[in-house]
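>>> how does the following fold in three dimensions:
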Amino acid sequence: MSKTNMASGDRLAMTQQAVGLFAQYMQSSTLNGLLTGAMPKNESQVEKTLRKQTSTEMPIVRVQDLGKHKGDEVSFYLMNPVGGYPIMGSNYAEGRGLGMSMVEDKLRVNQARFPIDAGNVMTEHRSPFSYRKLARPVADRLMRDYCDQSILVHMAGARGYHNNIEWRIPLETDPKFKEIMVNPVKAPSKNRHFMVKGGGLVPFKDNSGVVDIASTDVFGLDAVDSAKTLLDEMPLPPPPVKCEGDASADDSPLRVWLVSPAQYNAFAAHKDFRSFQAAAFNRASNAKSHPLFKGDVGLWNGFIIRKMPRPIRFYAGNPIKYCASHILETESSATVPADFASGNFAIDRSIILGGQALAEALAASGQSGIPFFWSEKELDHGDKFEILVGAIRGVSKIRFNIDRGDEGQQITDHGIIVVDSVVKVPSNG
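Below you'll find the predicted structure:
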């Protein structure tokens, strides 16, 4: 009598492994897992389940369209704000309805794969380690890093020039950059790009092609307070973030502020930093212990200030792209002051996130029927081994041409504001 057995190449086995990886990716404590809401559980929520879309009240909106033969492009829409005044008393109202309009943005998906050489038969004999077993977590880590970093670069609107072995996204000057990013990386829209100046926040500005910023313009508590005032008075600011289970979301709205490690350390030097950490911990207790409030994080003046895993950094002489017009996406460039080099200063970009800041689309792979997949293959008549992890996905920040009333139509990064400030960096970068 035959025993129940599942061979390593069995199609069902591969699908089960892919489901496991997909679940791990969705639930991880990485940026993607922290900033994305849950899929709707009620199938009657037609507007969300049409493409299995996650909550629009979190920074990342994930559209999971698993259907095959649907092409490589996903569209998403925004209803323009409707302005106007009421018609009072018995004044004639019929035929004077306020108009509505929709605007569209879209993104593409592409396949990304990480193959890992797992050695050969003699490697397994000679080594005290099993490279075949080690290859899988290595591939998993590479894919997670790629997904997180692609999200970070799109949100920032720049790759920056910090670079080491931990980056899965090459510098923008690399010929592979555009293909690896899948969708165009767009510099911040003019109405969403600010920098620290004299402790407060001002719109991004250049002076004869050089960023108009000084080495003393560092991130701190004054910048946070200035940002709060800015958002309170800004027309159509990024919508507040609402974590699942956060009982205080309506009474005390929040936005997420991702800062570089250097910016975070400057913020952490404040004498009241421990109270900011305690405020985040207390908010977590009212939000079903959502992981967004845990770790390297502080809560102050309506912002969850959280350390990002990699800095988006510009060194002396590096160009920073920006939009000089409210109505055009044409990008200009200004360089970091050259004299920053002598003092080891650089510019780091922080990111304020509201709801619907970035869209991530996931498509079905032909191998597993879901976005993530594993493959293990023997080569050279079974002598050599190779492990591969893959995904079919694409991300892009959500940008619309929004009607801002008296200010007219403006190209707007819907849920993102970026703030540049100066940091002191080690001499080796």
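>>> quick one: contacts for residue 218?
Listed by C-beta atoms under 8 Å, 6 or more residues apart in numbering, the contact set of residue 218 reads 196, 266, 421-423. Just so you know, the C-beta spots here come from the backbone N, C-alpha and C atoms, and that holds for glycine as well.
>>> in the sheet, which residues pair with it? Tell me.
residue 422 (DSSP bridges).
>>> find the nearest non-adjacent residue to residue 410, please.
Nearest residue to residue 410 in three dimensions, chain neighbours excluded: residue 326, at 4.4 Å (C-beta to C-beta, 6 or more residues apart in numbering).
>>> how much space between that neighbour and residue 407?
Counting by C-beta to C-beta, to the nearest Å, the gap from residue 326 to residue 407 is 8 Å.
>>> extract the CA atoms of the longest strand anywhere in the chain and return them as PDB.
Looking across the chain with DSSP state E, the single longest strand is strand 384-397. These are the backbone C-alpha positions of strand 384-397, laid out as PDB (Å, rounded to 0.1, in the frame of the first residue of the first chain):
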ATOM      1  CA  LYS A 384      23.200  21.700  -8.100                       C
ATOM      2  CA  PHE A 385      20.300  23.500  -6.400                       C
ATOM      3  CA  GLU A 386      18.600  26.900  -6.900                       C
ATOM      4  CA  ILE A 387      15.900  28.600  -4.800                       C
ATOM      5  CA  LEU A 388      13.800  31.400  -6.200                       C
ATOM      6  CA  VAL A 389      11.200  33.700  -4.700                       C
ATOM      7  CA  GLY A 390       9.100  35.900  -6.900                       C
ATOM      8  CA  ALA A 391       6.200  38.400  -6.800                       C
ATOM      9  CA  ILE A 392       4.000  40.200  -9.300                       C
ATOM     10  CA  ARG A 393       3.300  43.700  -7.900                       C
ATOM     11  CA  GLY A 394       3.700  47.400  -8.500                       C
ATOM     12  CA  VAL A 395       3.400  50.500  -6.300                       C
ATOM     13  CA  SER A 396       2.900  54.200  -7.000                       C
ATOM     14  CA  LYS A 397       2.000  57.200  -4.800                       C
END
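>>> next SSE after that strand?
strand 399-403 (DSSP states H and E).
>>> check which helices and strands that following strand is in contact with.
Secondary-structure packing of strand 399-403 (3 or more C-beta pairs under 8 Å, 6 or more residues apart in numbering; DSSP states H and E): strand 102-108, strand 409-413.
>>> repeat that with 10 Å
Counting contacts by 3 or more C-beta pairs under 10 Å, 6 or more residues apart in numbering; DSSP states H and E, strand 399-403 packs against strand 73-79, strand 102-108, strand 409-413.
>>> avg pLDDT for the last one?
Per-region confidence: strand 409-413 scores 89 on mean pLDDT.
>>> mind showing which ranges of the stretch 151-300 of the chain have poor pLDDT?
The stretch 151-300 of the chain contains residues with pLDDT under 70 at 245, 247-249.
>>> do a quick rundown of the helices in it.
Applying DSSP state H, counting those that start in this stretch to the stretch 151-300 of the chain gives helices spanning 177-181, 221-233, 261-268, 273-285.
>>> and for residue 345, the neighbour number?
Neighbourhood size, residue 345 [other C-beta atoms under 10 Å]: 22.
>>> now residue 105
17.
>>> which residues does it bridge with?
residue 76.
>>> let me see the contact set for the residue nearest to residue 163 when sequence neighbours are not counted.
Spatial nearest neighbour of residue 163, chain neighbours left out: residue 171 (6.0 Å); criterion: C-beta to C-beta, 6+ apart. Neighbouring residues of residue 171 by C-beta atoms under 10 Å, 6 or more residues apart in numbering: 159-163, 177.
>>> can you name every helix or strand that whichever strand or helix holds residue 373 contacts?
Assigned by DSSP H and E, residue 373 belongs to strand 372-379. Counting contacts by 3+ C-beta pairs under 10 Å, 6+ apart, strand 372-379 is packed against helix 11-27, strand 110-120, helix 131-156, strand 384-397.
>>> for that strand, the distance to its chain's centre please.
29 Å (C-alpha atoms, centre = their mean, to the nearest Å).
>>> that strand vs strand 110-120, what angle?
40 degrees (axes from the mean of the first three to the mean of the last three C-alpha atoms, to 10 degrees).
>>> what angle separates strand 372-379 from strand 384-397?
If you take the same axes, to 10 degrees, strand 372-379 sits at 160 degrees to strand 384-397.
>>> can I get the CA coordinates of strand 372-379 in PDB?
Presented in PDB, the C-alpha positions along strand 372-379 are these (Å, rounded to 0.1, in the frame of the first residue of the first chain):
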ATOM      1  CA  PHE A 372       4.000  35.500  -4.400                       C
ATOM      2  CA  PHE A 373       5.600  32.300  -5.400                       C
ATOM      3  CA  TRP A 374       8.500  29.900  -4.600                       C
ATOM      4  CA  SER A 375      10.400  27.700  -6.900                       C
ATOM      5  CA  GLU A 376      13.100  25.100  -6.000                       C
ATOM      6  CA  LYS A 377      15.000  23.600  -8.900                       C
ATOM      7  CA  GLU A 378      17.700  21.000  -9.300                       C
ATOM      8  CA  LEU A 379      20.300  21.600 -12.100                       C
END
